[in-house]
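**Student:** What follows is a predicted protein model with its sequence.
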2 protein chains.
Amino acid sequence: MSAPAQTDLLALDRAAQDLLFRAARTANTFTDEPVTDAQVTAIHDLIRYGPTAFNGQPLRVLLLRSAAARARLLPYLSSGNRAKTATAPLVAVLAADVDFHDRLPELFPHRPQARDWLTDRAARAEQARLNATLQIGYLLVGVRAAGLAAGPMAGFDAAGVTREFFPDGRHETLLLMNVGRPGPDAWHDRLPRLDATEVISIR
Amino acid sequence: MSAPAQTDLLALDRAAQDLLFRAARTANTFTDEPVTDAQVTAIHDLIRYGPTAFNGQPLRVLLLRSAAARARLLPYLSSGNRAKTATAPLVAVLAADVDFHDRLPELFPHRPQARDWLTDRAARAEQARLNATLQIGYLLVGVRAAGLAAGPMAGFDAAGVTREFFPDGRHETLLLMNVGRPGPDAWHDRLPRLDATEVISIR
């Protein structure tokens, strides 16, 4: 008798494994089919249940759909990211709200003093970045759960994007993500992944 | 005719939505059922396909299973995290490999010069933290995909854990995560989540 396949050791069915990870790819081209507000809300309604420290939920999402808003973003992108970002139906600017602690009395009501543990801005910004980035991981899975492709991008001037779109001084931009249906020739062959033995050790 | 439910706007089926997000919870107690090496490998085999910048895959996972390894971790935890961590079948120490760029010629073979764009250690450490944290988001989803509960924890002395378990100076510990089957009274009521209108804006 052969060993069970990796896919059979999971509770998640094979179609969902494919949709979220195995067959999902980072798209570099998109069709012009719009991503609707209803789809955006449905994705948020799924992934908002993902856990964060103190239930702080620091991720803030600015979605650029109009040509005018898009045009303000493009100058901050590395040249290799501009063409695909100009044609994606939706571009998400993903930022951490460094003042997320102001909501803790409401979001973590059994310990309202948690807000006062986070009065140091630098330490709070680190927590905001860590937890908002975890939430970006959930968001990427959520975009795929909606049958859409997500194209995360790190190649951009983050400080410039923050000045342009979040002039209030309480946000830090972490990542951009193109969202839409994959277009023609949307990706190359999949790149190699590390084996479990290179990533995981057990004691 | 009423509007379609949020759950129906997603390609992911309702059972998978519940398994990964809607019904999944951060467990505070665990049964003594072990998490097997085969389960760990199956989770990795699923989530290793999640995207990272330059395909760099900086997340490294140290799994503590033995009582001796666990005993070395406990002193670094906040008092509120000790009891559950002592009884979880598996505790994952999740770290970023700051020298992940050494693997880029193999992982990003079409642009082998990418390694040399990352010679500045501080900039590279920031990329390592961001991408490893994204991967922790994928990992949390993967643990749930295996039918297990994940308990991420930020309340610990990260520098101390790094010194204790990664003395090589090339890793930064980001988060801990208890993994196992939920035990009795594993959680309280779910805490409130922000609405889409509080998190998302569209331009």
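**Tutor:** All right, it came through fine.
**Student:** after the helix or strand harbouring residue A:144, next one along is what?
**Tutor:** According to DSSP states H and E, residue A:144 maps onto helix A:121-145. Counting by DSSP H and E, the element after helix A:121-145 in chain order, helix or strand, is strand A:149-153.
**Student:** mind listing the helices for chain A?
**Tutor:** A:14-17, A:37-47, A:67-73, A:79-87, A:104-107, A:121-145, A:158-165, A:196-199 (DSSP state H).
**Student:** among those, which is the most enclosed?
**Tutor:** helix A:121-145 (a mean of 23; mean count of other CB atoms under 10 Å in any protein chain shown). Heads up, the C-betas are built off the backbone N, CA and C, glycines and all.
**Student:** For that one, what is the distance to the chain centroid?
**Tutor:** Distance, stretch centre to chain centre, for helix A:121-145: 7 Å (CA atoms, centre = their mean, to the nearest Å).
**Student:** pLDDT wise, what is the residue positioned nearest the centre of chain A at?
**Tutor:** Geometric centre of chain A, nearest residue: residue A:136, 2.8 Å, by CA atoms, centre = their mean. Here, the pLDDT recorded for residue A:136 equals 98.
**Student:** For chain B, what is the nearest residue in chain A?
**Tutor:** For chain A, the residue closest to chain B is residue A:137, as judged by CB to the nearest CB, at 1.6 Å.
**Student:** where's that residue relative to residue A:58, distance?
**Tutor:** Look at residue A:137 and residue A:58: by CB to CB, to the nearest Å, they are 14 Å apart.
**Student:** likewise residue A:160?
**Tutor:** Distance, residue A:160 to residue A:58, by CB to CB: 21 Å.
**Student:** Show me what the lowest-mean-pLDDT helix or strand in chain A is packed against.
**Tutor:** In chain A, no helix or strand scores lower on mean pLDDT, DSSP states H and E than helix A:79-87, which sits at a mean of 90. Under the contact criterion of 3 or more CB pairs under 8 Å, 6 or more residues apart in numbering or on different chains; DSSP states H and E, helix A:79-87 touches helix A:67-73, strand A:149-153, strand A:171-180.
**Student:** angle of it against strand A:171-180?
**Tutor:** 60 degrees (axes from the mean of the first three to the mean of the last three CA atoms, to 10 degrees).
**Student:** Identify the residues contacting helix A:79-87?
**Tutor:** Under the criterion CB atoms under 8 Å, 6 or more residues apart in numbering or on different chains, residues A:27-30, A:32, A:70, A:73-74, A:77, A:91, A:151, A:153, A:155-156, A:176, A:178, A:183 lie in contact with helix A:79-87.
**Student:** Report how many residues lie close to residue A:5.
**Tutor:** 11 (other CB atoms under 10 Å in any protein chain shown).
**Student:** measure it to residue A:17 for me?
**Tutor:** Per CB to CB, residue A:5 is found 11 Å from residue A:17.
**Student:** Over to residue A:157?
**Tutor:** Relative to residue A:17, and taking CB to CB, residue A:157 is found at 36 Å.
**Student:** Same question for residue A:168.
**Tutor:** 41 Å.
**Student:** give me the subset of the contacts of helix A:79-87 touching chain B.
**Tutor:** residue A:155 (CB under 8 Å from any CB of the partner chain).
**Student:** what stretches of chain A score poorly on pLDDT?
**Tutor:** A:1-4 (pLDDT under 70).
**Student:** check contacts around the closest residue to the residue of chain A closest to chain B other than its chain neighbours.
**Tutor:** Excluding its sequence neighbours, the residue lying closest to residue A:137 (CB to CB, 6 or more residues apart in numbering or on different chains) is residue B:137, at 1.6 Å. By CB under 8 Å, 6+ apart, the residues touching residue B:137 are A:50, A:133-138, A:140-141.
**Student:** From what I see, residue A:70 and residue A:64 are in contact.
**Tutor:** Yes: between residue A:70 and residue A:64 there is a contact under CB atoms under 8 Å: 5.3 Å.
**Student:** so what's in contact with these two at the same time?
**Tutor:** Common contacts of residue A:70 and residue A:64, defined by CB under 8 Å, 6+ apart, comprise residue A:91.
**Student:** From residue A:61, how far out is residue A:102?
**Tutor:** 18 Å.
**Student:** the more surrounded of these two?
**Tutor:** residue A:61 (21 against 12).
**Student:** Double-check the more buried one against residue A:90; I have them as touching.
**Tutor:** No: counting by CB under 8 Å, residue A:90 is not a contact partner of residue A:61; they are 10.4 Å apart.
**Student:** Identify the residues contacting residue A:182.
**Tutor:** When contacts are taken as CB under 8 Å, 6+ apart, residue A:182 is in contact with A:25, A:27, A:29-31, A:149.
**Student:** one more time with 7 Å
**Tutor:** The neighbourhood of residue A:182, defined by CB atoms under 7 Å, 6 or more residues apart in numbering or on different chains, consists of A:27, A:29-30, A:149.
**Student:** now do residue A:16
**Tutor:** Residues near residue A:16 by CB under 7 Å, 6+ apart: B:12-13, B:16.
**Student:** please redo it, this time with the cut-off set to 10 Å
**Tutor:** A:10, A:22, A:144-145, B:11-13, B:15-17, B:19-20, B:145 (CB atoms under 10 Å, 6 or more residues apart in numbering or on different chains).
**Student:** what's the answer for residue A:26, then?
**Tutor:** So residue A:26 contacts A:140, A:149-153, A:177-178, A:182, A:186-187, A:190-191, B:50-52, B:55 (CB under 10 Å, 6+ apart).
**Student:** sorry, back to before: quick one: common contacting residues for residue A:61 and residue A:90?
**Tutor:** Common neighbours of residue A:61 and residue A:90 (CB under 10 Å, 6+ apart) are A:40, A:177, B:202.
**Student:** For residue B:110, state which of those residues is nearest.
**Tutor:** If you rank the shared contacts of residue A:61 and residue A:90 by distance to residue B:110 using CB to CB, residue A:177 comes first, at 22.2 Å.
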